[in-house]
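Peer 1: Can you look at this prediction? I've put the sequence above it.
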Amino acid sequence: MNKFRIGSMEDYEKAYKSSIDDPEGFWSAIAKNFLWDKEWDKVLEWDFDKFDVKWFKGGKLNITANCLDRNLKDRAEQIAIQWEPNDPVQVGRTLTYRQLFIEVCKFSNVLKSLGVTKGDRICIYMPMVPELAISLLACARIGAIHSVVFAGFSSNSLRDRINDSECSVLLTSDGSFRGDKKIDLKSIADEALEECPTIRNTVVFKRTGDHVTMQSGRDHWWHELMQAADSKCDYEIMDAEDMLFILYTSGSTGKPKGVVHTTGGYMVFSWYTFLNVFQYNEREMYWCTADIGWITGHSYIVYGPLLAGATTLMFEGVPTWPTPERFWQVVEKYKVNIFYTAPTAIRALEAYGVDHVKKYKMDSLRVLGTVGEPINKEAWDWYNVHVGKERCPIVDTWWQTETGGIMISPLAGITPLKPGYATLPLPGIRPVLVDNDGKLLEGNNVDGILCFDFPWPGILRTTFGDHERCRNTYFSTYKNLYFTGDGCKRDEDGFYRISGRVDDVINVSGHRLGTAEIENAINEHPMVVESAVVGYQHPIKGQGIYAYVICDSKHGNDESLISEIKAVVNRIIGPIAKPDIIQIVPGLPKTRSGKIMRRILRKIAGNETDNLGDTSTLLDPSIVETIKAGAINK
Ligand code: WTA
């Protein structure tokens, strides 16, 4: 067993203590576990005020040498990627470490043949097929920076992300399957590319076989380029602090930011957290149901598991198609040992009733995990009893796109569990809670805002093209602290429970969305004057989207206006941002200085209208009554 795998509570306490007493010694010992072309000169340099963090400065390496080349010695014939297609009738695919290595080398050569060199940005807009993972790894192999855009985003969102980081190549597919739906990805990409001057080439993977238009000189078929590609490709030697990838994520203001992760620290952190949180054993079947379009897929479908030499299962489909038994069928079929999913999926499946799960023994399962949003006690219990049969620890993992990997979580079977709690920080992680004024809340039994006062190797390094925005967003709220945006409690035992966002970010089905971003999309409708979006508690999605909209004249038919507005959001951002509820209102509750009092709107959306608090500072307090009277009940 790897010596860095924590084996007992005592071990955890020891590791934690040593990570605090000597962070540089702690992380450098772990980093030595990897292949480096040159060891670092300095383990850590940091300054939260300017926001400048460097891990393993001067170190030279390539992350794919560690994911692939290194694994050829002992596990070339072991399955690296087990792929399960959307339709259970179709056969899956397996790629051993050797096969994955060859595919990655070949595709690296394809990228090179298109003129891609170190530092170029490559946008990836693909369904959950093995070629998606191959794409990420091929970029990393040649030092290109990948920027994956979730394939459920609209052409506008894709366009904005491509332009923000000036990508030169787009990797996509003809189409994709999701449950009973077929999505025409190439047409969406074509629409985006009309306004993407930096894209010189696209590579199109054939998935659905549907007819697509290929623009001569720009668009190339994946299979055609691969046919001619050489299977040998030396990796590019990267600096530990060279960019590995960009991943766009929503914040409380403005457009999504391109969160940047670099090579060395991210590698060390994604591996260490994967190994310890899931207590991964050699040859286990590991399944994370996320999409690679999100950080969870980057760190815990691709990089973490491959660095650990695990078999990672990639699933193209959705939990409820063809039946709500699909997850459990896949667990049985591949004898999954570690299963990692989102609370939303658990709640959705719970709603279909236990009979669907009861049919499956699933005795291969050893560890269960959740990610992305708080898990309510009922869903936790259901997961524990019906999926884990009360014998699998559940790791409730708290982290963010910006943290690169898991920060607060139980270590499966090692540290104690408490339903609804992410429990304890991982070694090397130093959470602090502060009140609204930034005053440190010491001791236990306190409620505040979650921050970190010391860097960890997986911390973001910047937001692409705008370092000042990064500094402002994460390091200016409280001096010398990384600000997460999450509210948090530390209970009497010192366990952490995340309560949800304290800013204007909402979490819908585990997807992070900025309310401002949705408002901007709504406002694109020609009839809309102004809008305000808030989250409300939703039984399945965690949070639903409630939009209050002012329109410029009374529309004859609200129903059609409402569906038009939803269609606009769908077109501008994508289906995940479509409001659940739209209430047409004559005005919004604004203070005399013109600020919308969202607190009131949140309460109305949440049916908590008994105590709306002080409304006397409003320009027109009567608007509150009007909105209340027209509120749409869920
Ligand atoms: C929320 C996903 C409660 C939180 C990895 C955070 C959670 C945001 C948990 C990040 C959890 C994530 N319990 N809340 N276990 N995990 N969150 O960037 O609000 O998509 O700030 O990263 O999700 O979302 P992101």
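Peer 2: In hand now; what should we look at? Numbering: from 1, shown residues only.

Peer 1: which bits of this structure sit near the ligand?
Peer 2: By CB under 6 Å from any ligand atom, the residues of the chain that approach the ligand are 249, 294-296, 371-374, 396-401, 422, 484-486, 498, 501, 507, 512. For glycine as for every other residue, the C-beta is placed from the backbone atoms N, C-alpha and C.

Peer 1: Just these: which are in helices?
Peer 2: Counting by DSSP state H, the residues of the chain next to the ligand place 295-296 in helices.

Peer 1: Let's see which of the residues of the chain next to the ligand end up in strands.
Peer 2: Counting by DSSP state E, the part of the residues of the chain next to the ligand found in strands is 249, 371, 396-397, 484-486, 498, 501, 507, 512.

Peer 1: Make CSV from these and add neighbour count to it.
Peer 2: Listed next are those as CSV, based on neighbours: other CB atoms under 10 Å:
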residue, neighbour count
Thr249, 19
Val371, 25
Asp396, 26
Thr397, 24
Thr484, 24
Gly485, 21
Asp486, 20
Ile498, 20
Arg501, 18
Asn507, 21
Arg512, 21
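
Peer 1: Farthest-apart pair in the residues you listed, please.
Peer 2: Maximum pairwise distance among those (CB to CB): 20.7 Å, between Thr249 and Asp396.

Peer 1: got the phi/psi numbers for Arg121?
Peer 2: Main-chain torsions, Arg121, degrees, to the nearest 10: phi -100, psi 130.

Peer 1: Burial check on it, number of neighbours?
Peer 2: Per other CB atoms under 10 Å, the neighbour tally for Arg121 reads 23.

Peer 1: Quick check: the gap between it and Thr263.
Peer 2: The gap separating Arg121 from Thr263 is 15 Å, by CB to CB, to the nearest Å.

Peer 1: and what of Ser28?
Peer 2: Using CB to CB, Ser28 is found at 16 Å from Thr263.

Peer 1: before we move on, what about Cys392?
Peer 2: Using CB to CB, one gets 34 Å for the distance from Cys392 to Thr263.

Peer 1: One more: Phe56?
Peer 2: Taking CB to CB, one finds Phe56 at 9 Å from Thr263.

Peer 1: Spit out the residues that contact the two alike.
Peer 2: Taking CB atoms under 8 Å, 6 or more residues apart in numbering as the contact rule, Phe56 and Thr263 both touch 240-241.

Peer 1: Neighbour count: the two, which is higher?
Peer 2: Per other CB under 10 Å, whichever of Phe56 and Thr263 has more neighbours is Phe56, with 28 against 25.

Peer 1: ok, that one - contacts?
Peer 2: Shown in contact with Phe56 (CB under 8 Å, 6+ apart): 28, 31, 40, 42-43, 240-241, 264-265, 268, 457.

Peer 1: Bridge partners for Val371, pull those for me.
Peer 2: Thr397 (DSSP bridges).

Peer 1: ok, it - contacts?
Peer 2: Counting by CB under 8 Å, 6+ apart, Val371 touches 290, 296, 340-342, 397, 399, 510.

Peer 1: With pLDDT added, can I get the residues you listed in CSV?
Peer 2: Below are these laid out as CSV (pLDDT from 0 to 100):
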residue, pLDDT
Ala290, 98
Thr296, 98
Tyr340, 98
Thr341, 98
Ala342, 97
Thr397, 98
Trp399, 98
Gly510, 91
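
Peer 1: which of those residues sit farthest apart?
Peer 2: Across the contacts of Val371, the longest distance by CB to CB is 15.1 Å; it joins Thr341 and Trp399.

Peer 1: Helix, strand or coil: sort out Gly317 for me.
Peer 2: State at Gly317, reduced to three classes by DSSP: H, G, I helix; E, B strand; the rest coil: coil.

Peer 1: mind listing what it touches?
Peer 2: Applying CB under 8 Å, 6+ apart, the residues contacting Gly317 are 84-87, 177-179, 326.
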